[in-house]
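Colleague: sequence plus predicted model, see below.
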Amino acid sequence: MIKLALPAGDLRSPLAQLLVSCGLRVEGYGRGSRAYRLPVEGREDVVVRVFREKDIPIQIALGNYDLGVCNLAWLTEMQVRFPRQPVVALRGMGVGQCGIFAAGTDGAGDGLAHLGSMGLVRLASEYPNLAETFAMAARLPAYRVQAVWGAAEAYPPEDADLAIVAAAEEATLRAQGLRPLFCLLDSSAWLIANADALASKDLSAVLGPLMAGAPVPGPAGGLRLPPPVPPDKRAAQPLRERSSVRLAVPDGHQQPNAADALRVAGLVFDGYDESRCVRRPVSSLVGLEVKVIRPHDMPQLVASGEMDLAITGRDCLMNHLYRFPSSPVAEVVDLRRGQFNLSAVVSEELPAASIGEALDSWRSQQKAVLRVAAELPDVADHYARSRHFWRYQVIPIAGASEGFVPEDADLLIEGTETGKTLAENRLKAIDLLFGSTTCVIARKDVALHGRRRRVFDEVVAALRRSVRTVETV
Amino acid sequence: MDDSMRCRGMRDILPDEMRRFRRVEQAFREVCLGWGYEEVRTPTIEHLHLFTSTGTLSPQMLGRVYSFLDWDGWSGERVVLRPESTIPAVRLYVQEMRDRKAAKLFYVQNVFHFAQGDESREEWQCGVELIGDTQPVGDVELILMGCEVLQRLGLQPELRLSAPGILRVILARAGLEMSEQLALYDRILDGDVGALDEVQERLSDAGGSLRALLSSEGEGVPYLNNLRAALFPAVPELARPLDELTAVAEVLNETGCPYRISPARVRNFEYYTGPAFHFQVDGKTVGGGGRYDALISLIGGGGTPASGFALYLDLIAGLLPVDRAEELPSVGVRSGSGKPDDLAAAFRLASALRNAGRSVDVAAGREAAVSWQVEVVAGGFLLNRDGAAPRRLPSVEEVVRVITEAAGD
């Protein structure tokens, strides 16, 4: 069986057409079927699994899949940190072209030279390994990389000095208020392979058609790194003092819950409600700055003091605290919305009703390594340690999680509400990690004075009132 | 043994090798103490930013550090498993000793860097740092110390001198932007001497081939004079690094310490500014060091000059012959009954014998043969020795006395 990993998201449609032109019609792929495992018409020797794009190099490296298609940037992101992973980039597919740019904001300077005069350079990126490699090559005297789940382009200038972001072209960045300073990579969708499979398994039935297409004028040159930035301590800029309170509100599945709580609390933001959001909504409350970012990224921004308050999920907070136990972030209000359980999930086929029985079952199967897939890897890691798993590996995943068990993982750490989705995917929950809800977080040691203190307290009090309103409904 | 049980690139040090390891350590410590140096040890984990600035490590070295977010790394700032020891030692000096005008420090500690394949990713270093304005005497002192350690171990070191300052002034003279200079210097540090050809194109008035001149080796002050004659007209700034190197070379000549000069032999460390040196044994580089006058200022400690060197402990230990196990005269003490009071008597006797300079084996397990066997019996001890009749002795003191007298202590 040849196992092919294909990306979800924007690449589906152009890639589906390309596969058809190569004689591989993956049923339901182009139409965005919700199924994760798809058959290939007339090819019983090929199975296709749909992943979030950034998970594909990991799955290929693990040897779970023989071939995959993903943007070269995701492969490079993995390889700069883990150069020994057995993954081979075979061919550009001619779709999904984009560049990976280091971008700042207008007024920060045209090139990179100004970075040498900054006491601390803050980089935000969905590609933290590329950001780290960039910072090291530029020999930045001091830097911090904020690994974000998304929306890195929204970070400069308040929350980062540079964003390392993907963009179709420089104009896209300019339209987002960013100034491209350096292009690290010309990227596009690439066919990649597991090196061991390539060396020992006959993949020609899929490899042949995919490699036989007309030569694609693809990106060349690989990763480009900046020259060292000469240090310039004389021009070091002091950190600016803020006069406003900064609140982070979530996009994605937490947005309706947060918007509802804000509405009930009487906090009105122009550009943010249950159904729409702009990156920087305008608050009616003077002295309150609002920004929309991913809920996963909020605890770290609050910990580092970039944000004073954030509305996120307890699951995201716990993931952060398991990773950084000394973090000063704490939950200050439970908004009691968006409730779900974070559970340990296994295949329905596993003869176990509890994690203890599951471990017994895996032990009797002599499983040398337990594979734990999770969107929140630090929660999963903490769970595995606390339940005394033997040798285990946590497979970080970006989504489409239900399809992982049992083929690609033994256990899934997953958010569950009614259990309906689990049942549809022939899965079952065998342990409860904790219940999660939408909550407000802040630093435990927050030290605000004057107007900032008043605004902070007013926002927290208003959000507390929104909880009482929910309770009395 | 399933090799996957041990992390890749990590190795166990077994007893034979450990004895050689300790011999190197001992020789190194004795020499350092004899020269008036004080021992320190720095933490295994340091902030990554100490190593990333220009003027610290080469990009290739930086690309192989073990860096990660610590448990309290919520700020996004990474830490690193110490990839080398000079920068941590300088950090220690800046943080703990900066009120001292000079500091003479030494340490034995491990460093970590990623390596391809099964090459070792953990190495042990014997390092020395001489902080303070001591040039050129300090450089010579360090060189002589390194040679002395190796000679004490029965090795014949060969010395190579170089001068990173030569490359730096040539790159500056070539009219390159500062970032281009840094990038080219890093390429040379990472072993790409072909980068000199690019400099040659921009420095045509230097004549001949820079690469040939700088990548060759020569002997003594005459060779330095030749370098000066060939390069000085085009690069008058070479006077300083050549003078510094000549000052060290002249003293070494007088002390009778042989050396060769390889001017462009610089690797891995950006922080060397003045004369640098390497120790070789049988063609293997077993240590090296040099002057790093800008590093303390870079770490935030003012403009104190300094120099230092490190010996590569694992490599040197591997060059030594396998030692016979150093064993004290040994005694086996057993309790035939296994009763608590008999075992207590066995341990009391063992303690007294150890105080008398014996090695005592109570819990059976050591393979080495013992010279004496003592059994705890009712009312005393039964002493056995090969070829002699057993003797019953009434007390711990009697057993110690008989064994000590028989050994002629």
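Modeller: Cool, the structure landed.
Colleague: chain B against chain A: which residues are in contact?
Modeller: Residues of chain B lying near chain A by C-beta under 8 Å from any C-beta of the partner chain: B:49, B:52-55, B:59, B:62-63, B:67, B:69, B:71-78, B:116, B:178-180, B:182-183, B:186. Every residue, glycine included, has its C-beta placed from N, CA and C.
Colleague: for the helix ranked longest in chain B, buried residues please.
Modeller: In chain B, with assignment by DSSP state H, the single longest helix is helix B:15-34. For helix B:15-34, the neighbour count (16 or more other C-beta atoms under 10 Å in any protein chain shown) marks B:17, B:19-21, B:23-24, B:27-29, B:31-32 as buried.
Colleague: also stretch A:15-24?
Modeller: For stretch A:15-24, using 16+ other C-beta under 10 Å, the buried residues are A:15-16, A:18-19, A:22, A:24.
Colleague: which residues sit against whatever helix or strand B:A352 lives in?
Modeller: Counting by DSSP states H and E, the element that carries B:A352 is helix B:340-355. Residues outside helix B:340-355 that contact it (C-beta atoms under 8 Å, 6 or more residues apart in numbering or on different chains): B:331, B:333-336, B:360, B:362, B:374, B:376, B:381, B:396-397, B:399-400, B:403.
Colleague: from the buried residues of stretch A:15-24, pick the one nearest chain B.
Modeller: Checking these against chain B by C-beta to the nearest C-beta gives A:L15 as the nearest, at 33.2 Å.
Colleague: chain center to the helix or strand harbouring the closest one: distance?
Modeller: Using DSSP H and E, A:L15 sits within helix A:12-21. Offset of helix A:12-21 from its chain centre (C-alpha atoms, centre = their mean, to the nearest Å): 25 Å.
Colleague: can you report how many residues lie near B:V65?
Modeller: Around B:V65 there are 22 other residues, counting by other C-beta atoms under 10 Å in any protein chain shown.
Colleague: so which bits of the stretch 251-400 of chain A are right by chain B?
Modeller: A:299-300, A:303-304, A:320, A:323-327, A:329.
Colleague: tell me which two in those are the farthest apart.
Modeller: Farthest pair in those (C-beta to C-beta) is A:S304 and A:P325. Separation: 16.0 Å.
Colleague: between these two, who's got more neighbours?
Modeller: A:S304 (20 against 11).
Colleague: model confidence score at that one, please.
Modeller: Note on A:S304: pLDDT of 89.
Colleague: ditto for B:D72
Modeller: In this prediction B:D72 is given a pLDDT of 77.
Colleague: torsion angles phi and psi at it?
Modeller: Phi and psi for B:D72, reported as degrees, to the nearest 10, are phi -110, psi 30.
Colleague: by contact count, what packs against the longest helix of chain B?
Modeller: strand B:38-39, strand B:103-112, strand B:122-131, helix B:137-152, helix B:313-319 (3 or more C-beta pairs under 8 Å, 6 or more residues apart in numbering or on different chains; DSSP states H and E).
Colleague: which of those is buried the deepest?
Modeller: strand B:122-131 (a mean of 23; mean count of other C-beta atoms under 10 Å in any protein chain shown).
Colleague: who does that strand pair up with?
Modeller: Sheet partners assigned to strand B:122-131 using DSSP bridges are listed as strand B:103-112 (antiparallel), strand B:306-312 (antiparallel).
Colleague: now these as JSON lines including mean pLDDT?
Modeller: Formatted as JSON lines, the strands paired with strand B:122-131 follow (pLDDT from 0 to 100):
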{"stretch": "strand B:103-112", "mean pLDDT": "97"}
{"stretch": "strand B:306-312", "mean pLDDT": "96"}
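Colleague: in which helix or strand would I find B:R91?
Modeller: helix B:86-96.
Colleague: who are the packing partners of that helix?
Modeller: strand B:45-47, helix B:49-52, strand B:103-112, strand B:122-131, helix B:295-299, strand B:306-312.
Colleague: what mean pLDDT does that helix have?
Modeller: Helix B:86-96 comes out at a mean pLDDT of 95.
Colleague: could you tell me the angle between that helix and strand B:306-312?
Modeller: On the basis of axes from the mean of the first three to the mean of the last three C-alpha atoms, to 10 degrees, helix B:86-96 is oriented at 130 degrees to strand B:306-312.
Colleague: quick one: helix B:86-96 to chain centroid distance?
Modeller: In this view, helix B:86-96 has its centroid 17 Å away from the chain centroid, taken as C-alpha atoms, centre = their mean.
Colleague: now do the strands in the stretch 201-350 of chain B.
Modeller: B:260-261, B:276-281, B:284-291, B:306-312, B:330-335 (DSSP state E, counting those that start in this stretch).
Colleague: quick one: contacts of the longest one?
Modeller: For strand B:284-291, the surrounding residues in contact (C-beta under 8 Å, 6+ apart) are B:126, B:128, B:135, B:139, B:142, B:146, B:150, B:155, B:157, B:162, B:164, B:244, B:272-280, B:305-312, B:315-316, B:319.
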